[in-house]
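Participant: all I have is the shape, not the residue letters:
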């Protein structure tokens with residue numbers, strides 16, 4: 001416990017990245033154990049079958065089941081990459097929380113990569129493509145826009161937290 005108190009910000013950065021990785025692990029496991037649920041979500045969003053009637057954007061719909069499966073697989077792979085990067089990053093950060101700033105900064109790269117993948121997946125994938133291109137926002141049944149936005153904002157906030165440095169101690173200030 002005393003090691004965590006010596007570097008509380010670094011410990012927090014490691015634990016929040018660990019929490020993100022555990023979240024990703026649960027998401028990936030859910031998709032692997034019960035793929036039909038989220039594959040159905042992808043199929044309905046891409047088919048645009050629950051958007052507004054007389055929707056002028058229906059030309060964007062993709063009804064091919066093979067494409068739905070391919071997109072679902074890409075999503076799960078991206079979630080797995082996010083998870084692996086976050087979990088490795090958390091271990092790296094927590095193991096190096098007492099290291100010098102340059103060593104700790106190198107360990108942060110894993111977390112930035114994880115949050116970058118998370119932002120690409122949940123913002124670009126679900127909000128830009130799912131919600132806007134496939135008009136997911138119009139569906140009262142198959143709409144993940146709010147969850148995707150919450151996750152995007154969380155990953156951005158945690159990336160900002162990860163970028164913060166603890167104030168220099170008086171001995172560090174003398175060395176500079």
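Facilitator: On my side now, so go ahead. Note that the coordinates shown come from a computational prediction; the quantities given were computed from them, not determined experimentally.
Participant: every contact and neighbour count from this point should use C-alpha atoms.
Facilitator: Fine.
Participant: centre of the chain to the helix ranked longest in the chain, how far?
Facilitator: Ordering each helix of the chain by length in residues (DSSP state H) puts helix 65-95 first. Its chain's average C-alpha position is 8 Å from that of helix 65-95, according to CA atoms, centre = their mean, to the nearest Å.
Participant: need the residues that contact the helix or strand that it is followed by.
Facilitator: Using DSSP states H and E, the helix or strand that follows helix 65-95 towards the C-terminus is helix 101-119. For helix 101-119, contacts defined as CA atoms under 8 Å, 6 or more residues apart in numbering pick out 17, 78-79, 81-86, 88-90, 92-93, 96-97, 152, 155-156, 158-159, 162.
Participant: gap between helix 101-119 and the chain center?
Facilitator: 13 Å.
Participant: what's the following helix or strand after it?
Facilitator: With elements assigned by DSSP H and E, the helix or strand that comes after helix 101-119 is helix 145-163.
Participant: list the buried ones in stretch 98-109?
Facilitator: Buried positions in stretch 98-109, judged by neighbour count with 16 or more other CA atoms under 10 Å: 98, 104-105, 107-109.
Participant: list the contacts for residue 7?
Facilitator: 97-98, 166.
Participant: among these, which has the minimum pLDDT value?
Facilitator: Across the set of the contacts of residue 7, residue 166 stands lowest in pLDDT, at 84.
Participant: just read off the phi/psi values of that residue.
Facilitator: phi -70, psi 150 (degrees, to the nearest 10).
Participant: could you find the closest non-adjacent residue to it?
Facilitator: Distance criterion CA to CA, 6 or more residues apart in numbering; nearest residue to residue 166, sequence neighbours excluded, is residue 9 at 6.3 Å.
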